[in-house]
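Visitor: sequence-free structure coming up:
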């Protein structure tokens, strides 16, 4: 039987290695955003090593789907990156598809019904009060106009923009946290693709300005929602807790979501 101390040690080890995977994954995103092929290969190799260390700490039957998929495609890219666009396409698709589950994974085994509050209800209310979906729609429209403009210099860049648009459309139906994580990913890619592959002209100038304005509005909407969620959760918790930490909870104002 595993003691509480041993279980805590195992969980700490898993969390540590999961953090390493997230860190190397973030480095890979940076290289992809810069379209740095040598940097992508190097970052991908480090990610493969981090993934293997995480897999070694977790029983095979507990490997989540994202871990298996990301591992398979990163190893395939490591071994076959010179084989053409199909390998790159599969690798990028895996990175985009597994971004959210990678950062949402919490390695919780079992649950506890004795909860403080219904966070889902609080988050859903904040989402309804914000204009996140409206800004999503505006951004999707702008990106689609950019694709139709004929001013994107690369077929590969056009393909990447199409995937980003599809990702935004899909994540629009997700819960708040998934939307937030997805947006953090997309926010980093769009400016780099535009800077590298889009010709600025009388046609694209207004579109690019609208993309930047909508992106800034989406950033602000998420920040406002995060503050509202944090405040509402703290108020809900303070109404339930009976200890003298109640006052310190009520005095807090923000919970930061999406921290790594």
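Guide: Structure received. What you see is a predicted model; the values in this text were computed from it and never measured. Numbers count the residues shown, from 1 in each chain.

Visitor: quick one, strands of the stretch 101-250 of the chain?
Guide: Taking DSSP state E, counting those that start in this stretch, the stretch 101-250 of the chain contains no strands at all.

Visitor: show me the shaky parts of it.
Guide: For the stretch 101-250 of the chain, the stretches with pLDDT under 70 are 108-120, 127-128, 236-250.

Visitor: over to residue 106: give its phi and psi.
Guide: As for residue 106, its main-chain torsions (degrees, to the nearest 10) stand at phi -120, psi 0.

Visitor: and it, how far is that from residue 177?
Guide: Going from residue 106 to residue 177 by C-beta to C-beta, to the nearest Å gives 11 Å. (Each C-beta comes from the backbone N, C-alpha and C, glycine too.)

Visitor: neighbour count winner among the two?
Guide: residue 177 (16 against 7; other C-beta atoms under 10 Å).

Visitor: quickly list the domain ranges of the chain.
Guide: 4-104, 119-251 (automatic domain parsing).

Visitor: got the contact list for the nearest residue to residue 52 once chain neighbours are set aside?
Guide: Excluding the flanking residues, the one nearest residue 52 by C-beta to C-beta, 6 or more residues apart in numbering is residue 71, at 7.6 Å. Residue 71 sits next to 48, 51-52, 55 when contact means C-beta atoms under 8 Å, 6 or more residues apart in numbering.

Visitor: quick one: which of these has the most company?
Guide: residue 51 (23 neighbours).

Visitor: output the contacts of residue 71 as a markdown table; include the columns pLDDT, distance to residue 163 and secondary structure.
Guide: Formatted as a markdown table, these follow (pLDDT from 0 to 100; distance: C-beta to C-beta, whole Å; DSSP: H, G, I helix; E, B strand; the rest coil):
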| residue | pLDDT | distance to residue 163 | secondary structure |
| --- | --- | --- | --- |
| 48 | 97 | 22 | helix |
| 51 | 96 | 22 | helix |
| 52 | 95 | 27 | helix |
| 55 | 92 | 27 | helix |
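
Visitor: identify the farthest-apart pair in those.
Guide: Farthest pair in the contacts of residue 71 (C-beta to C-beta) is 48 and 55. Separation: 10.4 Å.

Visitor: nearest the middle, which residue of this protein would you pick?
Guide: Against the mean C-alpha coordinate of the chain, by C-alpha atoms, centre = their mean, the closest residue is residue 181 at 3.2 Å.

Visitor: that one: what's it in contact with?
Guide: Counted by C-beta under 8 Å, 6+ apart, residue 181 has contacts 99-100, 103-104, 258.

Visitor: return the subset of those residues lying in helices.
Guide: In this view, these that belong to helices under DSSP state H are 99-100, 103-104.

Visitor: closest to residue 157 out of those?
Guide: Set against residue 157, the nearest of the ones in helices among the contacts of residue 181 by C-beta to C-beta is residue 99 (19.5 Å).

Visitor: from residue 234, how far off is the closest residue to that closest one other than its chain neighbours?
Guide: The shortest distance from residue 99 to any non-neighbouring residue, by C-beta to C-beta, 6+ apart, is to residue 185 (5.0 Å). To residue 234, residue 185 is 28 Å away according to C-beta to C-beta.

Visitor: cool, and residue 33?
Guide: 35 Å.

Visitor: chain neighbours aside, what residue packs nearest to residue 80?
Guide: Excluding its sequence neighbours, the residue lying closest to residue 80 (C-beta to C-beta, 6+ apart) is residue 87, at 4.9 Å.

Visitor: and the top helix by length along the chain, which residues are buried?
Guide: Longest helix in the chain by number of residues (criterion: DSSP H): helix 204-240. Of all the residues in helix 204-240, those buried under the rule 16 or more other C-beta atoms under 10 Å are 204, 207-208, 210-211, 214-215, 217-218, 221-222, 225-226, 228-234, 236-238.

Visitor: got it, and stretch 142-158?
Guide: 142-143, 146-147, 151-152, 156-158.

Visitor: any of the ones in helices among the contacts of residue 181 buried? List them.
Guide: Buried among those (16+ other C-beta under 10 Å): 99-100, 103.

Visitor: no further questions, thank you.
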